[in-house]
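Enquirer: based on what follows, work out the 3D shape:
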Amino acid sequence: MNAQAYLDLPAARHARGVMALPGSKSISNRVLLISALAEGRTEISGLLDSDDTRVMLAALRQLGVAVTDLGQGQVAVEGCRRFPVQQADLFLGNAGTAFRPLTAALALMGGDYRLSGVPRMHERPIGDLVDALRGWGARIDYLGQEGYPPLHLGRGQAQADTVRVQGSVSSQFLTALLMAAPIEAGASGRTITIEVIGELISKPYIEITLNLMARYGVTVRRDGWRAFTIDGAARYRSPGRIAVEGDASTASYFLALGVLGGGPVRVTGVGEHSIQGDVAFADTLAAMGADISWGPDWIEARGRAVADGGRIKAFDADFNLIPDAAMTAAAMALFADGPCRLRNIGSWRVKETDRIHAMQTELAKLGATVDNGSDWLTVTPPAPGQWRDAHIGTWDDHRMAMCFSLAAFGPAAVRILDPGCVSKTFPNYFDVYASLISA
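Expert: Numbering: from 1, shown residues only. Purely as a prediction, here's the structure:
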């Protein structure tokens with residue numbers, strides 16, 4: 001798939017079936033790092049096999065962590081609390097879920113590390129996290145442009161008991177500090193408080209972090225979304241075994257298939273007890289007029305198929321809490337009964353690409369009228385006869401490729417360029433997609 005220049009999507013009229021979700025990227029990389037920092041051996045099942053998790057696994061092994069592949073999405077991690085290797089050059093691709101947390105953890109290790117990634121990673125801001133860590137006493141130098149990777153982490157020493165971090169650019173900065181805090185608390189015996197400056201975005205991702213930390217024995221006391229406190233001498237202890245939920249962001253594409261293609265389409269691996277905020281996308285679909293059913297570990301969607309005259313209800317919604325799944329909503333706007341507006345999506349600007357600009361560019365190719373601002377996007381769907389055949393650029397962004405697969409329900413011929421970019425989170429996405437649709 002990586003060598004494939006393009007993929008012509010077959011015209012899609014209906015979709016139905018059941019698919020098992022790959023493991024959550026957010027949970028997988030959090031669990032891998034926490035397991036490495038914990039006391040004891042952790043067996044992890046349901047781990048996502050993707051570019052981002054491979055980057056994290058390679059980094060942990062390079063840092064001296066013993067990781068055993070048990071097969072069938074299972075690995076065993078021998079926790080070591082502090083990484084045995086104190087000097088390393090780590091290449092972390094475009095994996096924000098690896099780069100940001102490892103930056104915080106390594107900054108507290110007292111070693112000598114260099115962290116770099118692909119060119120796009122060097123365009124993704126990290127200044128707010130670096131400022132917070134410097135305020136904590138860490139020594140960090142920029143090796144290129146100020147405020148961006150690559151980084152050199154030197155032999156600084158955490159001193160402050162209170163750490164402050166901006167919350168308005170990326171929730172991954174707060175996640176990184178939270179996950180690293182037990183390193184310092186356990187070593188020093190000091191209570192650590194992390195204070196959030198400004199409005200915190202993507203709050204459900206912080207809930208994932210706090211939930212997983214608690215499963216490893218670290219309960220974080222909190223003052224709403226403004227302050228988080230980790231008690232002195234806190235340390236991670238392995239739960240022995242942990243299962244990774246299916247990826248709720250990935251579920252959004254298949255639930256959308258069920259709506260646009262009539263359905264029913266059921267996803268398994270997430271359900272009403274999920275710890276992931278993106279399951280709320282099912283409620284977004286319900287507001288669009290879809291029929292949604294829930295079980296303990298599954299969600300099912302159906303609607304009136306576009307091929308049978310179905311249209312989703314136009315929407316004007318705040319997507320701050322589910323920015324990744326919001327991309328699916330933007331693609332679905334092609335099939336709405338009126339203009340749609342996505343608000344509070346400023347975090348799209350600093351993802352794998354500038355997703356607001358990329359989404360506007362590619363939707364317009366299909367005939368939609370699109371406008372945008374710093375943190376919003378409006379999409380007016382093509383009128384009958386205004387659809388245009390399009391070669392969809394994916395901008396080296398897995399979510400662009402996956403959400404634009406939904407355009408195949410329209411009357412235009414759709415070609416996806418660089419379909420292999422889905423390897424970041426779901427290498428066989430298009431195979432699974434093809435198994436559910438029919439002409």
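Enquirer: send the alpha carbons of the helix or strand where Val67 lies over as PDB?
Expert: Take DSSP states H and E as the rule and Val67 turns out to sit in strand 66-71. What follows is strand 66-71, C-alpha atoms only, in PDB (Å, rounded to 0.1, in the frame of the first residue of the first chain):
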ATOM      1  CA  ALA A  66      12.500  -4.900  27.200                       C
ATOM      2  CA  VAL A  67       9.500  -5.300  24.900                       C
ATOM      3  CA  THR A  68       8.500  -8.800  23.800                       C
ATOM      4  CA  ASP A  69       6.100  -9.400  20.900                       C
ATOM      5  CA  LEU A  70       3.700 -12.000  21.900                       C
ATOM      6  CA  GLY A  71       1.800 -12.100  18.600                       C
END
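Enquirer: that one pairs with which strands?
Expert: strand 74-78 (antiparallel) (DSSP bridges).
Enquirer: what is the subsequent helix or strand relative to the partner strand?
Expert: Later in the chain than strand 74-78, the nearest helix or strand by DSSP H and E is strand 87-91.
Enquirer: show me what that next one is packed up against.
Expert: Packing contacts for strand 87-91, counted by 3 or more C-beta pairs under 8 Å, 6 or more residues apart in numbering; DSSP states H and E, involve helix 51-62, strand 112-116. Backbone N, C-alpha and C define where each C-beta goes, glycine included.
Enquirer: which residue ranges of this structure form helices?
Expert: Assigned by DSSP state H, the chain shows helices spanning 25-37, 51-62, 96-107, 127-136, 171-188, 203-215, 248-260, 281-287, 323-332, 355-365, 398-403, 429-436.
Enquirer: closest to Val163 out of the ones you listed?
Expert: With C-beta to C-beta as the criterion, Val163 lies closest to helix 127-136 of the helices of the chain, at 4.8 Å.
Enquirer: could you check the angle helix 96-107 makes with that closest one?
Expert: On the basis of axes from the mean of the first three to the mean of the last three C-alpha atoms, to 10 degrees, helix 127-136 is oriented at 20 degrees to helix 96-107.
Enquirer: tell me which other helices or strands helix 127-136 touches.
Expert: helix 96-107, strand 140-142, strand 162-166, helix 171-188.
Enquirer: just those: most buried one?
Expert: Mean neighbours per residue, mean count of other C-beta atoms under 10 Å, is largest over the helices and strands packed on helix 127-136 for helix 96-107, with a mean of 27.
Enquirer: tell me how many other residues crowd Leu151.
Expert: Burial of Leu151, expressed as a neighbour count using other C-beta atoms under 10 Å, amounts to 24.
Enquirer: show me what the nearest residue to His357 once chain neighbours are set aside is bridged to.
Expert: Counting by C-beta to C-beta, 6 or more residues apart in numbering, Asn372 is the residue found nearest to His357 once chain neighbours are left out, at 7.4 Å. Beta-bridge pairing of Asn372 under DSSP bridges involves Leu377.
Enquirer: could you export the helices and strands packed on helix 127-136 as CSV, including mean pLDDT and distance to Pro427?
Expert: CSV is the format used below for those (pLDDT from 0 to 100; distance: least, C-beta to C-beta, whole Å):
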stretch, mean pLDDT, distance to Pro427
helix 96-107, 97, 17
strand 140-142, 98, 33
strand 162-166, 97, 33
helix 171-188, 95, 23
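Enquirer: for Ile206, find the nearest of those.
Expert: Here helix 171-188 is closest among these (C-beta to C-beta), at 5.6 Å.
Enquirer: show me what that closest one is packed against.
Expert: If you count contacts as 3+ C-beta pairs under 8 Å, 6+ apart, helix 171-188 packs onto helix 25-37, helix 96-107, helix 127-136, strand 162-166, strand 192-197, helix 203-215, strand 227-230.
Enquirer: how about those in TSV, adding distance to Ala333?
Expert: Listed next are the helices and strands packed on helix 171-188 as TSV, based on distance: least, C-beta to C-beta, whole Å:
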stretch	distance to Ala333
helix 25-37	25
helix 96-107	26
helix 127-136	31
strand 162-166	31
strand 192-197	32
helix 203-215	22
strand 227-230	36
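Enquirer: out of those, nearest to Asp316?
Expert: helix 203-215 (20.9 Å).
Enquirer: so how far is Arg139 from the nearest residue to Ala227 once chain neighbours are set aside?
Expert: Counting by C-beta to C-beta, 6+ apart, Ala227 lies nearest to Glu195, which is 4.9 Å off, once chain neighbours are set aside. Glu195 sits at a distance of 22 Å from Arg139 (criterion: C-beta to C-beta, to the nearest Å).
Enquirer: circling back: so which of the helices and strands packed on helix 127-136 is nearest Glu362?
Expert: Judged by C-beta to C-beta, the one of those that comes nearest to Glu362 is helix 96-107, at 21.8 Å.
Enquirer: remind me what that closest one packs against, helices and strands.
Expert: helix 25-37, helix 51-62, strand 112-116, helix 127-136, strand 151-153, helix 171-188.
Enquirer: which strand residues bridge the closest residue to Leu151 other than its chain neighbours?
Expert: Once flanking residues are discounted, Leu151 sits nearest to Leu115: 4.8 Å by C-beta to C-beta, 6+ apart. Using DSSP bridges, the beta-bridge partners of Leu115 come out as Leu90, Leu151.
Enquirer: so Leu115 sits right up against Pro149, yeah?
Expert: Yes - Leu115 is within contact range of Pro149, at 6.3 Å (criterion: C-beta atoms under 8 Å).
Enquirer: overlap in contacts of those two?
Expert: With contacts defined as C-beta atoms under 8 Å, 6 or more residues apart in numbering, the residues adjacent to both Leu115 and Pro149 are Phe99.
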